[in-house]
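Peer 1: the following block contains a protein sequence and its predicted model.
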Protein chains: 2
Amino acid sequence: MPYQIARYPMDKVKRVSQPTIRIVSEIQQVREDENGYNRAVRGDFGPVVQRERSRFCAKYPLGAVLRGFGEKLAPLMEGQPAQQRAPIPASPEVLSQHIKRVGYFLRADMMGICRLPRYAVYSHDRRGAEVSLDHPNAIVIVIDQDYDTMHRSSGRDWISGSQSHLGYSFAAVTACMLSDYIRRLGYSARAHYARDYQVLIPPLLLWAGIGEHCRLGDSVLNPFLGARFKAAAVTTDMPLAPDQPIDFGLQSFCEQCGRCAEECPARAIPSGGKTLYNGREVWKLDEERCTRFRLTNQRGSSCGRCIKVCPWNKPEGRMHSVARFVARNAPILDRALVRMDSLMYPERETPAPWWFDLEERDGILSPPRVSGREWEEPDA
Amino acid sequence: MPYQIARYPMDKVKRVSQPTIRIVSEIQQVREDENGYNRAVRGDFGPVVQRERSRFCAKYPLGAVLRGFGEKLAPLMEGQPAQQRAPIPASPEVLSQHIKRVGYFLRADMMGICRLPRYAVYSHDRRGAEVSLDHPNAIVIVIDQDYDTMHRSSGRDWISGSQSHLGYSFAAVTACMLSDYIRRLGYSARAHYARDYQVLIPPLLLWAGIGEHCRLGDSVLNPFLGARFKAAAVTTDMPLAPDQPIDFGLQSFCEQCGRCAEECPARAIPSGGKTLYNGREVWKLDEERCTRFRLTNQRGSSCGRCIKVCPWNKPEGRMHSVARFVARNAPILDRALVRMDSLMYPERETPAPWWFDLEERDGILSPPRVSGREWEEPDA
């Protein structure tokens, strides 16, 4: 009786030697302290955004729980490897197979392995310190943000932030455990998760074959989860055999669809074509607008409206396997698929939420009070 | 499109007002410091068992990772509730539904709720301190120990301890998160997990309808997971509506089967009928023999041979639904089911392990060295 260990049949997805975006010139390293959240902390987006940044995680109680949990894992993130290597095979293939299986044992929803590209290492971390990381390999750990919750939510209401923190915190659990295990086997390893990254996650997802670059910009979309996941990584000097990037027809699909751009409340997602950015032809997110909306959303906690409305945000099921097959093999039908999706999943039929709408202010949970502007728009 | 939130259809299992074991007189509270592991720490089972107890978790690297992880969660176990209650419904039914759904969001495999029976609270904890706990309700969180790993293992080899720690640590993650969440809503809550219990878990599993008492003694068996799970609990003063115990025909089945007793390497599981113990008619495990074997097993780390060989240790699937139906409705066929199980799942067809056999000694991982006795038998 066969038993599926990995929940999703990623072994059935077409593999390619290069990611499906055009790389035009050398991609430069970036600074983590220059990303939207860290600029908000510094006050680059003004005092309102700065103030809202400080209560971003505590704003909703379940988000606060999940975020606080992640913080507790910091001591497990890095450490010295055992002085002596364990007597195990040194074959990269055997070790890759083993490490992925350990990741599934440790309750990852999806695993992938790649070489660590230089450009995926931050030049400076969120504190502005130079990053020195010479691990050749990266292991990525993917956690589903829960289809049913996404189905019941608008993607921009009170559960929104918790959906992200769910993915971040559970990916952190598995990443911290896995890095500890690799160190015990005598190899160097560091976990990278939402509390303290030294690497950018999206390029790793791309190279490890978890997904393709999509219209959401710096996100990567998976054929089974859509963008409804978060990931953490473990970098290591353990010899590993990399997976290959995947091609499931997404470049043509995102070109035809654009629903995320239509529905983005911050108008941060481009509705047009790709542009050249840091050596690659990509859809480029307006990071400032996206960050501002997530931090100052008055009618919810954070935002993942794009993840919610994406036609690839679906549960497991045979019908969706057919849709995936069509998207892969008949790009001419992409528009028809998008229209069919709107008919099959009308948003007016969203089932009732299971969470309570609550907002924390000065240590007290109250019914959310909506006042003033919907969000702190840059030029408003 | 319906979407199953809880992984297993426990709502389809017959509910009864009382657990399916006979309760003859008042059940007395017990001391945690008198259980097998704590007696081993004290040296009650001699110096060899005492020494092996101290390296029990560190003996296998993955077990060490999981156990060490659980330790890090201690600060999240208890705390002060928020001074002001959140403005949410006070209906026990609504809150029970909500809390279970939060548990599934936080990646529990199964959830249940019961009143906290007095006898399920330890009179004294593992340090010998008197326990004072007046929470009226208990929430149980169940984590599957991974069917595929169990399928590949003998149940008493090197991965054995890690399978237990997997369940303990992930149940602890969800329990700690859930208790933190309940405190933020303004109710008192404490998580109880393998690091520091104030309650006995098996009676809670029984009353919350997770399973029936089985031949393994102090364990509870679930119709979908068998005994292949670990659980943690959250006790609370939040008003909750208890679930009811279940009856899926296990008392007759265990009476007819007895495979766990035949296969137990420590001969700790009774092969005969139930006996009267602390007010209940139960199969009574020889806790000393079981503890000694798990601590001093020379050919592996810990032991869960009984969990492995139990005919209820099965993956999801239609054929097993039929077997469950037969066991429930035609106890006369119980023996036939057990025989059929031996034919369908012959142990000689066990697939290859995915783990490495390793043993930690003095900080170094080596191939396990088998020397001397198989285990520290009491009268050997």
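Peer 2: Done, it's in.
Peer 1: hey, let's count contacts and neighbours off CA atoms from now on
Peer 2: Fine.
Peer 1: so which residues on chain A come close to chain B?
Peer 2: A:3, A:5, A:61-62, A:65-66, A:69, A:72-73, A:76, A:82, A:84-88, A:98, A:101, A:105-106, A:146, A:148-149, A:166, A:177, A:180-181, A:184-185, A:315, A:354-356, A:358, A:363-367 (C-alpha under 8 Å from any C-alpha of the partner chain).
Peer 1: list the ones among those residues that fall in strands.
Peer 2: With DSSP state E as the criterion, strands contain A:Ile364, A:Leu365, A:Ser366 from among the residues of chain A next to chain B.
Peer 1: picking up where we left off before, just the buried ones out of the residues of chain A next to chain B, please.
Peer 2: Using 16 or more other C-alpha atoms under 10 Å in any protein chain shown as the burial test, the residues of chain A next to chain B include A:61-62, A:65-66, A:69, A:73, A:76, A:82, A:86, A:98, A:101, A:105-106, A:146, A:148-149, A:166, A:177, A:180-181, A:184-185, A:315, A:354-356, A:358, A:364-366 as buried.
Peer 1: so where's chain A uncertain?
Peer 2: By pLDDT under 70, the weakly predicted segments of chain A are A:1-4, A:380.
Peer 1: all helices of it, in order?
Peer 2: A:36-42, A:47-54, A:61-72, A:92-105, A:147-152, A:160-184, A:201-207, A:250-256, A:259-263, A:287-296, A:305-309, A:318-329, A:334-344 (DSSP state H).
Peer 1: what is the burial count for the closest residue to A:Asp357 other than its chain neighbours?
Peer 2: Counting by C-alpha to C-alpha, 6 or more residues apart in numbering or on different chains, A:Asp357 lies nearest to A:Trp158, which is 5.8 Å off, once chain neighbours are set aside. Close neighbours of A:Trp158, defined as other C-alpha atoms under 10 Å in any protein chain shown, add up to 28.
Peer 1: any idea how far B:Pro89 is from A:Trp158?
Peer 2: For A:Trp158, the distance to B:Pro89 (C-alpha to C-alpha, to the nearest Å) stands at 17 Å.
Peer 1: rewinding a little: would you list the ones in strands among the residues of chain A next to chain B in TSV and tack on distance to A:Tyr277?
Peer 2: Output for those, formatted as TSV (distance: C-alpha to C-alpha, whole Å):
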residue	distance to A:Tyr277
A:Ile364	44
A:Leu365	43
A:Ser366	43
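Peer 1: what sits against the residue nearest to the spatial centre of chain A?
Peer 2: Nearest to the geometric centre of chain A sits A:Lys230, at 3.6 Å (C-alpha atoms, centre = their mean). Neighbouring residues of A:Lys230 by C-alpha atoms under 8 Å, 6 or more residues apart in numbering or on different chains: A:Val142, A:Ile143, A:Asp144, A:Gln145, A:Ser164, A:Gly167, A:Tyr168, A:Ala171.
Peer 1: any idea which of those residues is the one closest to B:Arg195?
Peer 2: Nearest to B:Arg195 among these is A:Ala171, at 22.7 Å by C-alpha to C-alpha.
Peer 1: you'd agree that closest one is up against A:Ile141?
Peer 2: Yes. In terms of C-alpha atoms under 8 Å, A:Ala171 counts as a neighbour of A:Ile141; the distance is 6.0 Å.
Peer 1: picking up where we left off before, closest to B:Ile269 out of the helices of chain A?
Peer 2: Using C-alpha to C-alpha, the helices of chain A put helix A:92-105 closest to B:Ile269, at 28.5 Å.
Peer 1: about what we covered before: chain neighbours aside, what residue packs nearest to the residue nearest to the centre of chain A?
Peer 2: That would be A:Gly167: by C-alpha to C-alpha, 6+ apart, it lies 4.7 Å from A:Lys230.
Peer 1: count of neighbours near the one you found?
Peer 2: 23.
Peer 1: list the contacts of it.
Peer 2: Taking C-alpha under 8 Å, 6+ apart as the test, what A:Gly167 contacts is A:Val142, A:Ile143, A:Asp144, A:Gln145, A:Phe229, A:Lys230, A:Ala231.
Peer 1: again, but for A:Gly43
Peer 2: Counted by C-alpha under 8 Å, 6+ apart, A:Gly43 has contacts A:Val49, A:Gln50.
Peer 1: hey, what's A:His213 bridged with?
Peer 2: A:Val220 (DSSP bridges).
Peer 1: good, we can wrap up now.
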